[in-house]
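Undergrad: Could you work out the structure for the sequence below:
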Amino acid sequence: MRAKMRYREQRFECGDFLEVNIFLVFEVPRSCGRRKRRKPTSEIQEKLNQRNREREVNRVICANFTDEDYYITLTFRVKPESLEAAERAFRSFLGKINRIRRRLGLPPIKYVKAVEVGKRTGRIHFHLVISGEGLTSKDIAKAWGRGYVDTKP
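TA: Below is the predicted model of the structure:
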């Protein structure tokens, strides 16, 4: 029996962003189930999985943020003892930002965060996208107060 080929369309509508994936699907007769994994994931599959994770983060950002929001990189002047200490400092930063927003009568902040450890220095820094309504770059830098802040709209 010959397998039929069909096209499948996958659509993602995220705010003003539309992503469409079209790919070929082979219709084959169903067997009685999938077998158990025997080999570890291949390098090619790992790269594909990473690309799909990056696309998913991009969709989340496009669906929840606008051009008035900020992309921020927070770095430490002095290297924290551990990742847990860095996370505590980040939670403190969020609390300060939320207090500023509460004073302005705004809802709590929305954010997407990624933690990165530098390859050469081993320094921890945070990349995040935050809702920027009512905030200025100076407010963000003052709330961080632990090192360098790079803010971009």
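
Undergrad: Do a quick rundown of the strands in the protein.
TA: Assigned by DSSP state E, the strands in the chain fall at 4-14, 17-27, 70-75, 111-117, 124-130, 149-152.

Undergrad: Could you check the angle the fourth one makes with strand 124-130?
TA: In this case it means strand 111-117. Put simply, strand 111-117 runs at 160 degrees to strand 124-130, going by axes from the mean of the first three to the mean of the last three Cα atoms, to 10 degrees.

Undergrad: Parallel or antiparallel, list what pairs with strand 111-117.
TA: strand 124-130 (antiparallel) (DSSP bridges).

Undergrad: now the strand it pairs with: how far from the chain's centre is it?
TA: Strand 124-130 sits 9 Å away from the centroid of its parent chain (Cα atoms, centre = their mean, to the nearest Å).

Undergrad: Tell me which residue lies nearest the centroid of this protein.
TA: Central residue of the chain (Cα atoms, centre = their mean): Val57, 4.5 Å from the mean position.

Undergrad: What about Arg35, how many residues nearby?
TA: Other residues near Arg35 come to 6 when the count uses other Cβ atoms under 10 Å. In short, each C-beta sits where N, CA and C put it, glycine included.

Undergrad: okay if I get the strands of the chain as a markdown table plus mean pLDDT?
TA: Shown next, in a markdown table, are the strands of the chain (pLDDT from 0 to 100):
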| stretch | mean pLDDT |
| --- | --- |
| strand 4-14 | 85 |
| strand 17-27 | 84 |
| strand 70-75 | 94 |
| strand 111-117 | 93 |
| strand 124-130 | 93 |
| strand 149-152 | 93 |
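
Undergrad: need those strands in JSON lines with distance to Ser92 and mean neighbour count, can you?
TA: Shown next, in JSON lines, are the strands of the chain (distance: least, Cβ to Cβ, whole Å; neighbours: other Cβ atoms under 10 Å):
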{"stretch": "strand 4-14", "distance to Ser92": "31", "mean neighbour count": "10"}
{"stretch": "strand 17-27", "distance to Ser92": "33", "mean neighbour count": "10"}
{"stretch": "strand 70-75", "distance to Ser92": "11", "mean neighbour count": "19"}
{"stretch": "strand 111-117", "distance to Ser92": "14", "mean neighbour count": "13"}
{"stretch": "strand 124-130", "distance to Ser92": "12", "mean neighbour count": "19"}
{"stretch": "strand 149-152", "distance to Ser92": "14", "mean neighbour count": "15"}
